[in-house]
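> Next input, structure requested:
(one chain, ligands or ions: 1)
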Amino acid sequence: MSGGPKQRLQGKQIVLGVCGGIAVYKAVELLRLLTKAGAEVSVVMTANARRFVSELTFQTLSNNPVYTGMFDSVREREIGHIALAERADLFVIAPATANLIGKVACGIADDLLSTTLMAAQAPLLLVPAMNVHMWENPILQGNLKKLSDLGCHVLEPEVGALACGAEGKGKFPDPQRIFEAVETLLHERDLAGETVLVGAGPTLEKIDPVRYIGNFSSGRMGYALARAAHLRGARVILVSGPTALPPPGGVDLVAVTSADQMRKTMLDALEEATAVIMAAAVADYRVAEPYSQKLKKEGAGGLTLKLERTPDILQELSERKGERIVVGFAAESENLLENARRKLAAKNLDLVVANDVTLAGAGFGADTNIVTLLAADGSEESLPCLPKEAVAGHILDRVAAALRRRR
Ligand code: PMT
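Numbering: from 1, shown residues only. Below is the predicted model:
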């Protein structure tokens, strides 16, 4: 389950069906994202799609022949439409026109794309894009409902300025959003039915109305965990201190600022969780009495602040853990394993993820991390420098296995 961003769709066979509409040029960007992530993409274009963008563009970017007609004897001999349908792990129709949706809903197979879809066994993702009035047409909506009831997935269009000059719903979604929907549909769902509570990012503790005590956590490690858990089928509650990261799709994000807010939010959410992963860098100290007005500089002297301890959130969570799996991190600058073993035992954790935050490529702010996983059964595994997404994969492999054992 682990792997860097380039391998995210490695070995997956995707049939990308492209219908005629101005959004065809954006399907080119989607194709690029899919192939970049390692997917093998076979493109099927309708006759109208080819009026907007040449098949050569799709052929070049997919590095595969483009399928355009039922009666193309060369393509049919190379791989017939039935074989194309059978080898697919997923069908993505983007853009999907009202016409194609209507044909699929009514079982009409009068060109290569609709005929291939008739033979499809794999899941189907429809990405409609059209004029707002076409989108609102009850016949189209009825067809989409029929297809959803049959198990097809529909990624709803966005609201905005449409190419036809109208404003409203009907806009082709951002290709990155489609890519994420594809990834979700293709991922192994070994955390389906679980609720994973993730703490991420820094907490900031007020000094006065304009200043705070904080740390260098970017939230990357926690967000990678949240995203990966969602892809593996879990419901995810992500409690995050302030970060500059976009919210991961499909995740319930609760934004907090201070350790107190994070504590309250995580304890409230604990009831729903079956696993907890605490990647947040919670401030250990806060100003005992924050100033209500902005502090003024007076003379050349310094300033002494009285600090007090913040609550240990992970400690409190694990005291109430019951049957839950609880994972903590250990951010160390010396005696990595010794300190991590102590935290594993003291906080009654199932797993601790130890990172030496002084190493290049590890810890705060980096895209990668270098960690050792220490489990309650005494096993220890050191991983090489990996992207945080891949580290998240390893951690979730352990969480999924522990949840299976507990069932
Ligand atoms: O956000 P990034 O830029 O991606 O960086 C990732 C990271 C370095 C923040 C992450 O990999 C990490 O190590 N997170 C834990 C940071 C930390 O506070 O470690 P600690 O060893 O001080 O704390 C041990 C555990 O107790 C941690 O799970 C921590 O979340 C938790 N804790 C600590 C203090 C506190 N008051 N409450 C807590 O819950």
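> where along the stretch 101-250 of the chain do the helices fall?
112-118, 132-136, 138-149, 175-186, 220-231 (DSSP state H, counting those that start in this stretch).
> Can you say which of those is packed in most?
Ranked by mean neighbour count under mean count of other C-beta atoms under 10 Å, the helices of the stretch 101-250 of the chain are led by helix 220-231, which reaches a mean of 27. Where you see a C-beta, it was placed from the backbone N, CA and C, and this is true even at glycine.
> Give the rounded mean pLDDT of it.
The average pLDDT within helix 220-231 is 95.
> what does stretch 334-341 give?
On average, stretch 334-341 scores 98.
> Tell me the gap between that stretch and the middle of its chain.
Put simply, stretch 334-341 sits 31 Å off its chain's centre (C-alpha atoms, centre = their mean, to the nearest Å).
> again with stretch 258-277
21 Å.
> pLDDT of that stretch, averaged?
Per-residue scores along stretch 258-277 average to 98.
> residues of it that come out buried?
The neighbour-count check on stretch 258-277 (16 or more other C-beta atoms under 10 Å) flags 258-259, 261-263, 265-266, 269-270, 273-277 as buried.
> ok, so of those residues, who is nearest L34?
Taking C-beta to C-beta as the measure, L34 sits nearest to I277 out of the buried residues of stretch 258-277, at 29.1 Å.
> Hmm, L197 and that closest one touching each other?
Yes: taking C-beta atoms under 8 Å as the definition, I277 is a contact partner of L197 at 7.4 Å.
> How about the contacts made by the closest residue in space to K206 that isn't next to it in sequence?
Leaving aside its chain neighbours, K206 sits nearest to P290 (4.4 Å; criterion: C-beta to C-beta, 6 or more residues apart in numbering). Taking C-beta atoms under 8 Å, 6 or more residues apart in numbering, we find P290 in contact with E205, K206, I207, D208.
> Mind checking which of those land in strands?
E205, K206, I207, D208 (DSSP state E).
> Those residues also near the ligand: which ones?
Applying C-beta under 6 Å from any ligand atom, the subset of the ones in strands among the contacts of P290 adjacent to the ligand is empty.
> Model confidence score at the closest residue in space to I108 that isn't next to it in sequence, please.
Excluding the flanking residues, the one nearest I108 by C-beta to C-beta, 6+ apart is S114, at 6.1 Å. We have a pLDDT of 96 for S114.
> same thing with the one 4 residues further on?
According to the predicted model, the pLDDT of M118 comes to 94.
> check contacts around Y25.
F52, V53.
> any idea how far the ligand is from it?
35 Å (C-beta to the nearest ligand atom, to the nearest Å).
> Secondary structure of that residue: a helix, I assume?
Yes: Y25 forms part of a helix when assessed by DSSP: H, G, I helix; E, B strand; the rest coil.
> pLDDT score for it?
The model's pLDDT for Y25 equals 96.
> Output the contacts of P290 as CSV; include the columns pLDDT and neighbour count.
Converted to CSV, the contacts of P290 look like this (pLDDT from 0 to 100; neighbours: other C-beta atoms under 10 Å):
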residue, pLDDT, neighbour count
E205, 98, 22
K206, 97, 16
I207, 97, 17
D208, 97, 14
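> check contacts around the residue most central in space within the chain.
Most central in the chain under C-alpha atoms, centre = their mean is R227, positioned 3.5 Å from the mean C-alpha point. R227 makes contact with P248, G249, V251, E389, A392, according to C-beta under 8 Å, 6+ apart.
> of all the helices of the stretch 101-250 of the chain, which lies closest to the ligand?
helix 220-231 (3.5 Å; C-beta to the nearest ligand atom).
> circling back to that earlier point, closest one to L396 among the helices of the stretch 101-250 of the chain?
Across those, closest to L396 is helix 220-231 (C-beta to C-beta), at 5.5 Å.
> Quote the end-to-end distance of stretch 228-239.
15 Å (C-alpha to C-alpha, to the nearest Å).
> Show me what from the stretch 201-350 of the chain comes close to the ligand.
So the stretch 201-350 of the chain meets the ligand at 217-221, 259, 278-282, 284, 310, 312-314, 328-331, 343 (C-beta under 6 Å from any ligand atom).
> Can you name the residues in contact with the longest helix along the chain?
Criterion DSSP state H: the longest helix present in the chain is helix 388-406. Residues from elsewhere that reach helix 388-406, judged by C-beta under 8 Å, 6+ apart: 1-5, 8, 190-191, 194, 196, 220-221, 224-225, 227-229, 232, 274-275, 277, 323, 325, 327, 350-351, 353, 366-369, 371, 373, 375, 381, 383, 386.
> now with 7 Å?
With contact meaning C-beta atoms under 7 Å, 6 or more residues apart in numbering, helix 388-406 is reached by 1-5, 190-191, 194, 220-221, 224-225, 228-229, 232, 274-275, 277, 323, 325, 327, 350-351, 353, 367-369, 371, 373, 375, 383.
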